[in-house]
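Trainee: everything below, folded, please.
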Amino acid sequence: MIRGARPTIRGIILFVAGAVLAGIAGAIGEPDLMWLGLFLCVLPLLSLVVVVALQPRLEYARSLNPAQLPVGERLEVVVRLRNVYPLAATTLELHDAAPVSLGGGARFVVARAFGRWDQAVRYGIQTEQRGRFLVGPLTARVGDPLGLATSRVHPRGEESLLRVTPKLWPLTEAKRGLGVGATGEAAPQRIGQAGQDDVLVREHRHGDDIRRIHWRMSAKQGELMVRLEEHPWDPSALIITDTRRLAHVGEGPSSSLEWTISAAASVAVKLSDDRYRIVVAGGSGTIYQPHQLTGVAQRQGLIDAFTDIGASDERELAAILAESESLDATGSLIVFSGQLSVQDAATLTSMGLRMAKPSAIVPDAGAWGLRSAEHGDAVRLLRASGWAVEQYGPGEHMPTVWARLMVRQAAA
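Mentor: Next up is the predicted model:
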């Protein structure tokens, strides 16, 4: 696609100078100077004709390497440009557009003579913001060799999608007790190899239905054993990610909100790799549900969900209960929060009553400059209710915080 040609500032100045010179020469009777002036006037017009007549026909293909990467890392963009019109003779100034958060794109110049040609141009992009971004389109300004005229060309090609994910920290193995089944049972024993003996059992506890007692296994073990066939061990976890705008401090990549999202994403991906079923809830409801996905499919689904999370305008954590059906079948509860109120802590405490070893990672009030004493009261309420609570500071290394939380989990 070609936009209308127009003279450059140099072309305009040359045209005006030629017109003035021709006018003065005509007034004083100097034909040679008048011809020179007319030539100077015609030259920018000829350049306009050349720019229009010798337009290149450009096609391009862009590749991002990689097309998905964590925030803060750098990628390489390769633009393969091709001219399919053999008579084109222009200088090309190209601009590959990109959002401001990706640096605004890149500009480069390609100078080619007559003939068809192919050329690859490379440039780098530093990612500074999480999200999905379109790179492109590519536009070109073509000019004549003297720089007297120019026009715009839109080469044929497509924009490219770039996914900038949260930072994913490598984490240590979660404690065994972190992910138990939806029934709250620990991993049961499998006794026997085949037939009636090939069942899942555990020791009898007070309140168990007598109809679930497996008498054959009880006789072999010398104590009452309970059948668990209908409740196989199915590790699952609910991850609450506090995305409330008012609960966080700072702006951009260094904010507590971005730290919280990256930390929650890291834990979710780690547990997914360990074959947990993950449900993620945020400040305005459910963010991710597994829908029977496991393995690589669940991992990518989690990464996509955390990539798209935005700040919420909700004021209370209780808002996540609006979609309570998605929070039922979970065995473990892990909360990544911003600043908490006592009411928030009470909400979490009530949820933790039916979860296994609930835990929370919360901001360190002093390190983040939080002046609300209520946050400290909320943390103490959680700990008094049996929660394992660990605090984080600005820019703190998530694996270190996670390791401390695992120590608290083991001591709980």
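Trainee: which regions of the stretch 251-400 of the chain sit below the pLDDT cut-off?
Mentor: Counting by pLDDT under 70, the stretch 251-400 of the chain contains low-confidence ranges at 292-294, 321-330.
Trainee: and the strands in it, which stretches?
Mentor: Secondary structure of the stretch 251-400 of the chain, counting by DSSP state E, counting those that start in this stretch: strands at 277-282, 285-288, 332-336, 356-363, 388-392.
Trainee: likewise for the stretch 51-200 of the chain?
Mentor: Remark: strands assigned in the stretch 51-200 of the chain by DSSP E, counting those that start in this stretch are 58-65, 68-70, 74-83, 91-96, 106-111, 117-126, 131-135, 138-143, 149-153, 160-165, 189-191, 199-203.
Trainee: those strands: which one's closest to residue 409?
Mentor: Counting by Cβ to Cβ, residue 409 lies closest to strand 199-203 out of the strands of the stretch 51-200 of the chain; the figure is 21.6 Å. The way it works is simple: take the backbone N, C-alpha and C, and place the C-beta from them, glycine included.
Trainee: that closest one pairs with which strands?
Mentor: When pairs are called by DSSP bridges, strand 199-203 turns out to pair with strand 189-191 (antiparallel), strand 225-227 (antiparallel).
Trainee: of those strands, which shows the lowest average pLDDT?
Mentor: Out of these, strand 189-191 stands lowest, with a mean of 46 (criterion: mean pLDDT).
Trainee: surely residue 165 and residue 69 touch.
Mentor: Yes: using Cβ atoms under 8 Å, residue 165 is in contact with residue 69, at 7.0 Å.
Trainee: hmm, residue 317 and residue 283 touching each other?
Mentor: Yes: taking Cβ under 8 Å as the definition, residue 283 is a contact partner of residue 317 at 7.2 Å.
Trainee: identify the contacts common to these two.
Mentor: Among the neighbours of residue 283, those also in contact with residue 317 (Cβ atoms under 8 Å, 6 or more residues apart in numbering) are 242, 244.
Trainee: picking up where we left off before, out of the strands of the stretch 251-400 of the chain, which gets nearest to residue 409?
Mentor: Distances from residue 409 to each of the strands of the stretch 251-400 of the chain were compared by Cβ to Cβ, and the smallest falls on strand 388-392, at 4.8 Å.
Trainee: adjacent strands (with direction) for the closest one?
Mentor: Its sheet considered, strand 388-392 pairs with strand 356-363 (parallel) by DSSP bridges.
Trainee: what's the partner strand in contact with?
Mentor: With contact meaning Cβ under 8 Å, 6+ apart, strand 356-363 is reached by 177-180, 184, 249, 256, 260, 263, 331-340, 348, 351-352, 370, 375, 379, 382, 386-393, 401-402, 405, 408-409, 412.
Trainee: redo the strands of the stretch 251-400 of the chain as CSV? Include distance to residue 222.
Mentor: Compiled in CSV, the strands of the stretch 251-400 of the chain are given as follows (distance: least, Cβ to Cβ, whole Å):
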stretch, distance to residue 222
strand 277-282, 36
strand 285-288, 46
strand 332-336, 33
strand 356-363, 29
strand 388-392, 36
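Trainee: next, format the ones you listed as CSV and append mean neighbour count and distance to residue 6.
Mentor: Formatted as CSV, these follow (neighbours: other Cβ atoms under 10 Å; distance: least, Cβ to Cβ, whole Å):
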stretch, mean neighbour count, distance to residue 6
strand 277-282, 25, 51
strand 285-288, 20, 50
strand 332-336, 26, 55
strand 356-363, 24, 56
strand 388-392, 21, 57
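Trainee: figure out which of these is closest to residue 269.
Mentor: When these are compared by Cβ to Cβ, strand 277-282 sits nearest residue 269, at 8.8 Å.
Trainee: tell me the helices and strands packed up against that closest one.
Mentor: Secondary-structure packing of strand 277-282 (3 or more Cβ pairs under 8 Å, 6 or more residues apart in numbering; DSSP states H and E): strand 236-241, helix 256-273, strand 285-288, helix 295-308.
Trainee: what about burial for the contacts of strand 356-363, which qualify?
Mentor: Among these, those that count as buried by neighbour count (16 or more other Cβ atoms under 10 Å) are 178-180, 249, 256, 260, 263, 331-340, 348, 351-352, 370, 375, 379, 382, 387-392, 401-402, 405, 409.
Trainee: using CSV, write down the CA coordinates of stretch 155-164.
Mentor: In CSV, the C-alpha atoms belonging to stretch 155-164 read as follows (Å, rounded to 0.1, in the frame of the first residue of the first chain):
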residue,chain,number,x,y,z
PRO,A,155,4.8,-3.7,3.2
ARG,A,156,2.7,-6.8,3.1
GLY,A,157,3.1,-8.9,6.3
GLU,A,158,1.6,-9.7,9.6
GLU,A,159,2.0,-8.5,13.2
SER,A,160,3.7,-10.9,15.7
LEU,A,161,2.3,-11.8,19.1
LEU,A,162,4.8,-11.6,22.0
ARG,A,163,3.9,-13.1,25.4
VAL,A,164,5.9,-11.6,28.3
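Trainee: pLDDT of it, averaged?
Mentor: The average of the pLDDT scores along stretch 155-164 is 95.
Trainee: give me the residues contacting it.
Mentor: Counting contacts by Cβ under 8 Å, 6+ apart, the residues outside stretch 155-164 that touch it are 58-64, 67-71, 75, 81, 102, 125, 127, 129-140, 304, 307.
Trainee: before we move on, what about stretch 84-95?
Mentor: Counting by Cβ under 8 Å, 6+ apart, the neighbours of stretch 84-95 from elsewhere in the structure are 50-51, 53-59, 79, 81, 105-116, 121, 138-145, 147, 153.
Trainee: of residue 165 and residue 69, which one has the most company?
Mentor: Using other Cβ atoms under 10 Å as the criterion, residue 165 and residue 69 rank with residue 165 on top: 24 against 17.
Trainee: what's the distance between that one and residue 62?
Mentor: When distance is defined by Cβ to Cβ, to the nearest Å, residue 165 is 20 Å away from residue 62.
Trainee: rewinding a little: now, of the contacts of stretch 155-164, which are buried?
Mentor: Neighbour counting by 16+ other Cβ under 10 Å classes 58, 60, 62, 64, 68-71, 75, 81, 102, 125, 127, 130-131, 133, 135-140, 307 among the contacts of stretch 155-164 as buried.
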